[in-house]
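Chemist: Predicted model and sequence follow; I will ask about them next.
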Amino acid sequence: QVQLVESGGGLVQPGGSLSLSCTATGFTSRFEAIGWFRQAPGNEREVVSVITWSDGSRYYEDHAKGRFTISKDNAKNTVYLQMNNLKPEDTAVYFCAVQTIWSSAWKLEESYDYWGQGTQVTVSS
């Protein structure tokens, strides 16, 4: 059984920064990648970024490039998402998710096997 717990969300002003964490428990030896997704009210869930568990390869959706950085600490079973220069349109619930079999379709929810409950990020003045 795998459990994912996100933390670090909150309220921040436009232009500000937040750092999200996703800590995993369970069979982490089965992890191939961990991704961050987000879902804004009325919108579908969309990918933000993914990092592979073994070699740390990183993938970013266009809206995250240049502003967000994904990283990991295997010893702590934790993946981080550093978000800088936040915009109101970044407001969403942010989820982390695990792939146990690597899929090149990393942007698709269906490629992920386990999900966290999410953490709210609100960007507003």
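Modeler: That came in fine, so what should we check first? Numbering: from 1, shown residues only.

Chemist: contacts, neighbours, all on C-alpha from now
Modeler: Noted.

Chemist: Now do the phi/psi pair for residue 98.
Modeler: Note on residue 98: backbone dihedrals following degrees, to the nearest 10 are phi -120, psi 140.

Chemist: and it, bridged to which residues?
Modeler: residue 34, residue 114 (DSSP bridges).

Chemist: Now do the same contact list for it.
Modeler: When contacts are counted by Cα atoms under 8 Å, 6 or more residues apart in numbering, residue 98 touches 31, 32, 33, 34, 35, 112, 113, 114, 115.

Chemist: mind checking the SS state of the most centrally placed residue in the chain?
Modeler: Compute the mean C-alpha point of the chain, and by Cα atoms, centre = their mean the closest residue is residue 36, 1.9 Å away. Secondary structure, DSSP: H, G, I helix; E, B strand; the rest coil: residue 36 is strand.

Chemist: is it true that it touches residue 92?
Modeler: No. The criterion here is Cα atoms under 8 Å, and residue 36 misses it with residue 92 at 11.8 Å.

Chemist: Just the C-alphas of stretch 82-102, formatted as CSV.
Modeler: The C-alpha trace of stretch 82-102 is given here as CSV (Å, rounded to 0.1, in the frame of the first residue of the first chain):
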residue,chain,number,x,y,z
GLN,A,82,9.4,24.9,-5.7
MET,A,83,7.0,27.5,-7.2
ASN,A,84,8.3,31.0,-7.9
ASN,A,85,6.7,34.0,-9.5
LEU,A,86,3.3,32.7,-8.8
LYS,A,87,0.3,34.0,-10.7
PRO,A,88,-3.4,34.1,-9.9
GLU,A,89,-3.9,31.4,-12.6
ASP,A,90,-1.8,29.1,-10.5
THR,A,91,-4.5,28.9,-7.9
ALA,A,92,-5.6,25.3,-7.7
VAL,A,93,-5.5,22.2,-5.5
TYR,A,94,-2.1,20.5,-6.1
PHE,A,95,-1.8,16.8,-6.0
CYS,A,96,1.1,14.4,-6.2
ALA,A,97,0.9,11.0,-7.8
VAL,A,98,3.1,8.0,-8.4
GLN,A,99,3.8,5.9,-11.4
THR,A,100,4.8,2.3,-10.6
ILE,A,101,5.5,1.6,-14.3
TRP,A,102,7.1,4.4,-16.3
